[in-house]
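K.L.:
Just a sequence and a predicted model for now, questions to come.
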2 protein chains.
Amino acid sequence: MNYELILRNIQKHIDLDEGEIALFLSKLKIRNSPKKALLLEAGENCRYISYVHSGILRAYHLDKEGRESTIMFAAPDWWITDMYCFLNSSPAMMYIETLADSCIIQLSKEHLDQLYIEVPKLERFFRILMQNAYTREQLRVIENLSLPADERYARFLAKYPRIAEAVTQKQIASYLGITPEFLSAMKKNKKS
Amino acid sequence: MNYELILRNIQKHIDLDEGEIALFLSKLKIRNSPKKALLLEAGENCRYISYVHSGILRAYHLDKEGRESTIMFAAPDWWITDMYCFLNSSPAMMYIETLADSCIIQLSKEHLDQLYIEVPKLERFFRILMQNAYTREQLRVIENLSLPADERYARFLAKYPRIAEAVTQKQIASYLGITPEFLSAMKKNKKS
DNA sequence: CGTCTATTTGAATGTACTCAAAAGCGGTGG
DNA sequence: CCACCGCTTTTGAGTACATTCAAATAGACG
């Protein structure tokens, strides 16, 4: 296994010495999952935060009518978890699935809490991770509130071109909060 | 000026000693603003993160058609800023206004960056602040995607009863992503 | 090749919006 | 202290954006 990617991801924001790196790596758990595997189901305990080494994941929510809302996609070099439930050890409210064969690196809540004490610099790293996640979600809220569906779709394509080509239209529709039928109709209008 | 509230807010998550408290307090700036004052305008440089000591604030976005979307309300004991622009020193994309006479305590980006070095525990505090902000926004995205307007309104009332009684319906509507006319119609339907 | 799911298409429907106008309410000045 | 002004809220009619349902077509995978 090659830890270069995840270490580079972290060292973009903080500098770790040899010992700290070793300690950090010792807490990680590699997991290879085939396409269409469920890594987390609603109701379960969400014990891990996951770094995507390769592949692609999707987090979604199922409402009581059985409709899916895609909460996020995670491409390589992204972190993903049901953050609320990870942090509060409460039952998960989302599903996380692989959309392709994927290699993920997992860190448990217990190990992370230890690491915050043993390697305080990681507080900074996760602060920055959380900041970025927060501002991204906030921008998404603003776009959801103020833009029509076709514009939201255009921005999604512009912001995440890699993801757009790796996932189905149905999944994009559920990320944008529209039906697949309507997304299909929108695309048809654009072309003409 | 009474710093008890803001210190208690911080010490919910971390323990500061006398010296750290003094250092922290030395960076703060008190600001009293009358009702309807603009603390930040889109396009400006957003230099401060603000703790609401008393009063109530609202952050909103103006789209190119001039429509407002309320991004957040901030009641006493909340923190508020245009986080993306605060962190990246880019021009603000939101407006922040007082909805009542307010006392806020401000911390500049420069001082905060110093504090992270001088009082590393604050990394943890702001990590937790960001985590909470992230999970809150994510929940809002999920609700916006999966719930009809009337249900979103009901949850808003349940979650933020204090805010609901302190702001106008127009402002609540713009938080929910609906028109004030439609919110009015919804309320009428519920009653009957 | 056959099956399963995604995508497209179209018709009917519904949710939420626009526009306009009236009613209500709060603040301010005479 | 009342009258007026401006803004919020309500009401209603007409409209638009997006959904539902159903069925046909196209793609992907074993």
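P.N.:
Right, received. Where do you want to start? Predicted, not measured: the structure shown is a model, and the values here were computed from it. Numbers count the residues shown, from 1 in each chain, chains lettered A, B, ... in the order given.

K.L.:
how deep is A:Leu62 tucked in, by neighbour count?
P.N.:
Neighbours of A:Leu62 under the rule other CB atoms under 10 Å in any protein chain shown: 15. C-beta coordinates here come from the backbone N, C-alpha and C atoms, glycine included.

K.L.:
ok, now the one 3 residues further on?
P.N.:
Each residue near A:Glu65 was counted by other CB under 10 Å, and the total is 6.

K.L.:
That one and A:Trp79: what is the separation?
P.N.:
Distance of A:Glu65 to A:Trp79, given as CB to CB, to the nearest Å: 30 Å.

K.L.:
got it, and A:Ala22?
P.N.:
In terms of CB to CB, A:Ala22 sits 21 Å off from A:Trp79.

K.L.:
Look at those two and report which has more neighbours.
P.N.:
Between A:Ala22 and A:Trp79, A:Trp79 has the larger neighbour count (other CB under 10 Å), namely 19 against 10.

K.L.:
pretty sure the more buried one is touching A:Tyr48, no?
P.N.:
No. Taking contacts as CB atoms under 8 Å, A:Trp79 lies outside contact range of A:Tyr48: 10.7 Å.

K.L.:
Name the surrounding residues that touch stretch A:36-50.
P.N.:
The contact list for stretch A:36-50 (CB atoms under 8 Å, 6 or more residues apart in numbering or on different chains) reads A:29, A:31, A:33, A:57, A:59, A:61-62, A:74, A:79-83, A:85-86, A:89, A:91-99, A:104-109, A:112.

K.L.:
A:Ile96 against A:Trp79, yeah?
P.N.:
No. At 11.8 Å, A:Ile96 does not count as touching A:Trp79 under the criterion of CB under 8 Å.

K.L.:
and the lengthiest helix in chain A, average pLDDT?
P.N.:
In terms of residue count, the longest helix belonging to chain A (DSSP state H) is helix A:121-146. Per-region confidence: helix A:121-146 scores 98 on mean pLDDT.

K.L.:
and the helix or strand just after it with helix A:121-146, angle?
P.N.:
Sequence-wise, the next helix or strand downstream of helix A:121-146 (DSSP states H and E) is helix A:149-159. Counting by axes from the mean of the first three to the mean of the last three CA atoms, to 10 degrees, helix A:149-159 lies at 150 degrees to helix A:121-146.

K.L.:
so what secondary structure elements neighbour helix A:149-159?
P.N.:
Counting contacts by 3 or more CB pairs under 8 Å, 6 or more residues apart in numbering or on different chains; DSSP states H and E, helix A:149-159 packs against helix A:121-146, helix A:169-176, helix A:180-191.

K.L.:
Can you add mean neighbour count and distance to B:Lys188 and give these back as TSV?
P.N.:
Listed next are the helices and strands packed on helix A:149-159 as TSV, based on neighbours: other CB atoms under 10 Å in any protein chain shown; distance: least, CB to CB, whole Å:
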stretch	mean neighbour count	distance to B:Lys188
helix A:121-146	20	23
helix A:169-176	20	31
helix A:180-191	12	29
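
K.L.:
just so I know, which of these lies nearest B:Val167?
P.N.:
helix A:121-146 (16.2 Å; CB to CB).

K.L.:
Please see if that closest one touches DNA strand C.
P.N.:
No. On the criterion CB under 7 Å from any atom of the strand, helix A:121-146 is out of touch with DNA strand C, staying 9.1 Å away.

K.L.:
got the phi/psi numbers for A:Leu62?
P.N.:
phi -110, psi 120 (degrees, to the nearest 10).
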